[in-house]
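Engineer: predicted structure and sequence below. I'll ask about it afterward.
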Amino acid sequence: MDDDRLAQLLHDAVQDAPPATFDADDVLTESRRLTARRRSLVRNTTMGAVILVAAGLLTGLGVVGFGSFGHTVSDSAGSAAPGQSDNPGANGNDFHPNSRSGSGPRAQFNVPESSPMQGGGGTGKAGPMTGGTPGGCGSTDGELAVALAGELPSVGDPKPAAVPSADCPAATTRAAAYSVNDNGATGLIVALVRPATAPAVPATAGVGHAVSKPTQHNAVVTVLSQPQPAGGPIPYQAMLPTIAQDLATGY
Amino acid sequence: MDQRDEQEFREYFQARREAVRRSAYLLCGDWHRADDFAQTAFVALHRRWHKIRDRAALDAYVRRSVVRAVIDESRRPWRRERFTDDVPDVADTTPGAPDLDDTVATRATLLAALRKVPPRQRAVLMLRFLEGLDVSAVAHTLGCSEGTVKSQTARGLSALRAELGDAIDDLRPAS
């Protein structure tokens, strides 16, 4: 195979381009429109999460659901990714949508690192945000949610979702999730940011698939695809490395 | 994005728009869709502009966006890839220039054959031979290993040869 000849043929094949149908102004306009839409999406996500927590507190479901899985919620001072600000004085039972750390009581759980990614919100009655556990696992990170939304194809109509506690391993500092439909393969896409020193999330565990990419600031971005129902096709499995790599450029 | 960032983005856009359009066209075979893919990639880049400042990273990001968008769309069964034959408006009449019919036929044949190459292999061929990236750069762009790039290149070339048959003599293997 003559590589040069192939290159020449390919160049010839694309030479007679018609005038472009878009210019820089079109790009800027669309970008601003999408940014405004994502901000609205995050606001709605945040409000939805606050409502969920409030409902959970009012009905007394508390943190019952976390016990079966085991999650080690790391101390915020040791796990905050660079660039994040602490949220001192945050009560462990409060819900702070964008907080990365806080003081106050925290639930301690045990989890073997090889534990499989399990679907849904766990066996407990409470959703993962109930109780307002501070740190990455207890809240949806707005910035990460926006970034993740930007990576997902809009065709699947991604919707903000709570991060299942079973998918949020130790030392997570930021987390966000969307429910997706990849041409019939439904499930959750979860993005996590953790310190580089945290134990690795296994690539395949249970019925899900995870890809991790290092960042330039001593952190690791992990993107999980969790089919729902469990055992079904894994949504956007082939895209996970690209999504993780793109998200990693921002952390 | 402040004014300086916006100006830098516009300059980058002007410098790269045509190349990105051409790459997208090679992947999808339709100029209108190519413009859609290219515009989408630039919009995504604009939204992350403040986070990506290295020029090489900008190019890689745009390429990756285009490739991903094309592959993503190709996975949806209700969107059939459409390759159209684009005939140049003006014939090249300079002495020694290839016959217009031959040029058009070669282009149509090549594009039709490319259509049959699986999308990811097609993307690797585009990045290697149209954009001129080396194996390492393609691996970085696509977020895969160099070994994967090499195997995808080999498979893509094999698939292209199989589709072309003897249609374009120069592409037959040397031995």
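Structural biologist: Now that the structure is in, tell me what you want to look at.
Engineer: residue contacts, the residue most central in space within chain B?
Structural biologist: A centroid search over chain B (Cα atoms, centre = their mean) returns B:S23, at 2.7 Å, as the residue closest to the centre. Residues near B:S23 by Cβ atoms under 8 Å, 6 or more residues apart in numbering or on different chains: A:V14, B:R63, B:V66, B:M126, B:L127, B:L130, B:E131. For every residue, glycine as well, the C-beta is placed using N, CA and C.
Engineer: now with 10 Å, please.
Structural biologist: Applying Cβ atoms under 10 Å, 6 or more residues apart in numbering or on different chains to B:S23 gives the contacts A:10, A:14, B:16, B:34, B:37-38, B:41, B:62-63, B:66-67, B:70, B:123, B:126-127, B:130-131.
Engineer: quick check: which element contains A:S212?
Structural biologist: Using DSSP states H and E, A:S212 sits within strand A:208-214.
Engineer: wondering if that strand reaches chain B at all.
Structural biologist: Yes: against chain B, strand A:208-214 shows contacts by Cβ under 10 Å from any Cβ of the partner chain at A:V211, A:K213.
Engineer: buried set for that strand?
Structural biologist: Buried residues in strand A:208-214, defined by neighbour count with 16 or more other Cβ atoms under 10 Å in any protein chain shown: A:G208, A:H209, A:A210, A:V211, A:S212, A:K213.
Engineer: least confident of those residues?
Structural biologist: Across those, the bottom pLDDT score, 73, is held by A:G208.
Engineer: which stretches of the stretch 151-251 of chain A form helices?
Structural biologist: A:240-248 (DSSP state H, counting those that start in this stretch).
Engineer: near chain B, which residues of it?
Structural biologist: So the stretch 151-251 of chain A meets chain B at A:151-156, A:182-184, A:211, A:213, A:236, A:238-246, A:248-251 (Cβ under 10 Å from any Cβ).
Engineer: low-confidence ranges, chain B, go.
Structural biologist: B:1, B:53, B:76-102, B:167-175 (pLDDT under 70).
Engineer: so what strands line up beside the strand holding A:S212?
Structural biologist: Partners of strand A:208-214 in the sheet, by DSSP bridges, are strand A:204-205 (antiparallel), strand A:219-227 (antiparallel).
Engineer: can those strands go into TSV with extra columns for mean neighbour count, distance to A:P160 and mean pLDDT?
Structural biologist: What follows is those, written out as TSV (neighbours: other Cβ atoms under 10 Å in any protein chain shown; distance: least, Cβ to Cβ, whole Å; pLDDT from 0 to 100):
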stretch	mean neighbour count	distance to A:P160	mean pLDDT
strand A:204-205	14	24	56
strand A:219-227	25	15	89
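Engineer: just checking, next helix/strand downstream of the helix or strand where the residue nearest to the centre of chain B lies?
Structural biologist: Here B:S23 sits within helix B:3-28, counting by DSSP H and E. Once helix B:3-28 ends, the next helix or strand along the chain (criterion: DSSP H and E) is helix B:31-47.
Engineer: in that following helix, what's buried?
Structural biologist: B:31, B:33-47.
Engineer: ok, and which of these reach chain A?
Structural biologist: Okay, of those touching chain A (Cβ under 10 Å from any Cβ), that's B:31, B:34-36, B:38-47.
Engineer: show me where chain B has strands.
Structural biologist: Taking DSSP state E, chain B contains no strands at all.
Engineer: what segments of it are helices?
Structural biologist: Counting by DSSP state H, one finds helices in chain B at the ranges B:3-28, B:31-47, B:55-74, B:100-116, B:119-125, B:135-142, B:146-164.
Engineer: quick one: the longest one to helix B:100-116, angle?
Structural biologist: With axes from the mean of the first three to the mean of the last three Cα atoms, to 10 degrees as the criterion, the two stretches helix B:3-28 and helix B:100-116 enclose an angle of 90 degrees.
Engineer: thanks a lot, see you next time.
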